[in-house]
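1. Pasting the sequence and the predicted coordinates here, then a few questions.
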Number of protein chains: 2
Amino acid sequence: MRMSQGVEWALHTCLNLSWLNTPVPTGTLAAFYELPPAYLNKQLQALSRAGILTSTPGPRGGFHLARPAEEITLLDVVTAIEGPDELFRCDQILDKGPGEHTGVDYRQSCAFARAMSGAELAWRRELAARSVADVRADVERAHPESPANTRERITELRG
Amino acid sequence: MRMSQGVEWALHTCLNLSWLNTPVPTGTLAAFYELPPAYLNKQLQALSRAGILTSTPGPRGGFHLARPAEEITLLDVVTAIEGPDELFRCDQILDKGPGEHTGVDYRQSCAFARAMSGAELAWRRELAARSVADVRADVERAHPESPANTRERITELRG
DNA sequence: GTCTCGTTACTCGGATATCTGGTGTCCGAGTTTCGAAGG
DNA sequence: CCTTCGAAACTCGGACACCAGATATCCGAGTAACGAGAC
């Protein structure tokens, strides 16, 4: 049960994009971290479908944030990459056990499913409470040179 | 990022075992929910390695809880099946980016890793707060006949 | 009747296949840009 | 000099291989039970 690698890429890429105000193509964003460009593109497409990024085709095109970093939560990114499914999926194991098989939704009736769902909700709540802008503020506090470094490196890579 | 099916099996099996005080072989436990016996055995082995179950070989052998259900948390079971790894693993993507590459642990320095780790901690805290005995109490409150039903069905299946 | 011992059957345990989903890659559709040609 | 037009290059987007981990299975090592035989 490891989280997809794409989540980490997506988060850092969103942070970098929040320091820029121009579309950046996938190749440049991938070169920044030496990532496989085509696969990063796949993740960015997912973010685009989720309405987090906006893509512009053609020369001088690329991806840019679809809305302010303050309105992009970590949960948004995780959900965009990993999908909306829950971690613990109750496959209605109880259907085969004894008792009434009245076609009830075990996601609600199974006590384990409820407990797991509650724990997952706490996780989601934490993720939804932190935006990319919050993290950006932390980074800028610890490393004030980061924005300038990123901007410089991006323009340099774009050549 | 779906959680392994084995977690659900393990949870329900632990609950059933908490209603019995005798070793139950894998075959019987599997038949209870019509699960593949050999694969369930694999999961129970993991629980055994984690110290949640105790296995006794030979005739009249099987698995039984290694400690009271009050002392078995949902987190214990999840960790036993899924392993101790974190959901979000920071693969030190920043190592390739600009800045100092002083061999620091990005699990600590990366702001995203810290945020994700915090959210995961909230999740683990919820899971650790609920024991199998808590869930058992919920089930017995909603379905008082469950313990007797389970005991009856187990002895019936064992033949 | 009781103890001993060997056989038997049953259990776990790990080593072995199979399959789905994450990982990685490629090429085509569409658009902007740029430059050249004509007015 | 300005406008128009066309080709080219660059971008995303989805369709196609590959691989690790989860799923599923099998057979051997070990042990408790049981029964037969001896005392």
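-> Okay, I see it. Note that the coordinates shown come from a computational prediction; the quantities given were computed from them, not determined experimentally.
2. which residues touch the nearest residue to A:Met1 once chain neighbours are set aside?
-> In space, A:Met1 comes closest to B:Glu82 once its chain neighbours are excluded; the distance is 4.8 Å by CB to CB, 6 or more residues apart in numbering or on different chains. Yep, even glycine has a C-beta here, placed from its N, CA and C like the rest. Counting by CB atoms under 8 Å, 6 or more residues apart in numbering or on different chains, B:Glu82 makes contact with A:Met1, B:Met3, B:Ser4, B:Val7.
3. likewise A:Val78?
-> Counting by CB under 8 Å, 6+ apart, A:Val78 makes contact with A:Met3, A:Val7, A:Leu127.
4. Equivalent analysis for A:Gln108, please.
-> A:Gln108 neighbours (CB under 8 Å, 6+ apart): A:Arg114.
5. Would it be right to say that it lies in a helix?
-> Yes: counting by DSSP: H, G, I helix; E, B strand; the rest coil, A:Gln108 falls inside a helix.
6. Show me what counts as buried in the lengthiest helix in chain A.
-> Longest helix in chain A by number of residues (criterion: DSSP state H): helix A:111-129. Buried positions in helix A:111-129, judged by neighbour count with 16 or more other CB atoms under 10 Å in any protein chain shown: A:111-117, A:119-120, A:122-124, A:126-127.
7. out of those, who's nearest B:Arg141?
-> A:Ala111 (9.3 Å; CB to CB).
8. I'd say A:Pro68 and A:Arg136 touch.
-> No: counting by CB atoms under 8 Å, A:Pro68 sits too far from A:Arg136 to count as a contact (10.8 Å).
9. neighbour count winner among these two?
-> When neighbours are counted by other CB atoms under 10 Å in any protein chain shown, A:Pro68 and A:Arg136 differ, and A:Arg136 comes out ahead with 20 against 11.
10. surely A:Phe32 meets A:Leu157?
-> Yes: look at A:Phe32 against A:Leu157 with CB under 8 Å: they come within range, at 6.4 Å.
11. Which of these two has more residues huddled nearby?
-> A:Phe32 (21 against 14).
12. and the gap between that one and B:Tyr33?
-> Separation of A:Phe32 from B:Tyr33 (CB to CB, to the nearest Å) stands at 49 Å.
13. can you check A:Val77 too?
-> From A:Val77 to B:Tyr33 the distance is 37 Å (CB to CB).
14. Mind checking which of those two has more residues around it?
-> A:Val77 (25 against 18).
15. all helices of chain A, in order?
-> A:5-18, A:26-33, A:37-49, A:74-82, A:106-109, A:111-129, A:132-142, A:146-158.
16. Tell me which of the ones you listed lies nearest to B:Gln45.
-> helix A:111-129 (20.8 Å).
17. The closest one near chain B anywhere?
-> Yes: counting by CB under 8 Å from any CB of the partner chain, chain B is contacted by helix A:111-129 at A:111-112, A:114-116, A:118-120, A:122-123, A:125-127.
18. where's that helix relative to the chain centroid, distance-wise?
-> For helix A:111-129, the separation from the chain centroid amounts to 18 Å (computed by CA atoms, centre = their mean, to the nearest Å).
19. show me the contacts for A:Gly118.
-> Contacts of A:Gly118 by CB under 8 Å, 6+ apart are B:Glu126.
20. Ok, A:Ser131 next?
-> A:Ala69, A:Glu70, A:Glu71, A:Ile72, A:Thr73, A:Leu74 are the contacts of A:Ser131 under CB under 8 Å, 6+ apart.
21. Which pLDDT value goes with it?
-> Here, the pLDDT recorded for A:Ser131 equals 98.
22. what do you get for A:Phe112?
-> Taking A:Phe112 on its own, its pLDDT is 96.
23. Test my guess that it contacts B:His12.
-> Yes: assessed by CB under 8 Å, A:Phe112 is found in contact with B:His12 at 6.8 Å.
24. Quick check: chain neighbours aside, which residue is closest to A:Ser146?
-> Sequence neighbours aside, A:Val139 is the residue nearest to A:Ser146 in space, at 5.5 Å (criterion: CB to CB, 6+ apart).
25. From A:Glu71, how far out is that neighbour?
-> Counting by CB to CB - A:Val139 and A:Glu71 are separated by 18 Å.
26. repeat for A:Gln43
-> A:Gln43 is 20 Å from A:Glu71, by CB to CB.
27. Could you pull up the residues touching A:Ala129?
-> A:Thr73.
28. Would you mind measuring from it to A:Leu17?
-> In terms of CB to CB, A:Ala129 sits 21 Å off from A:Leu17.
29. repeat for A:Val77
-> 12 Å.
30. What pLDDT does the model give A:Gly103?
-> pLDDT, A:Gly103: 61.
31. what does chain A have sitting close to DNA strand D?
-> A:1-2, A:25-27, A:38, A:41-42, A:44-45, A:48-49, A:55-63 (CB under 7 Å from any atom of the strand).
32. Taking the residues you listed, please make a ChimeraX selection of just the buried ones.
-> In ChimeraX syntax, the buried subset of the residues of chain A next to DNA strand D is picked out as below (16+ other CB under 10 Å):
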select /A:1,25,26,41,44,55,62,63
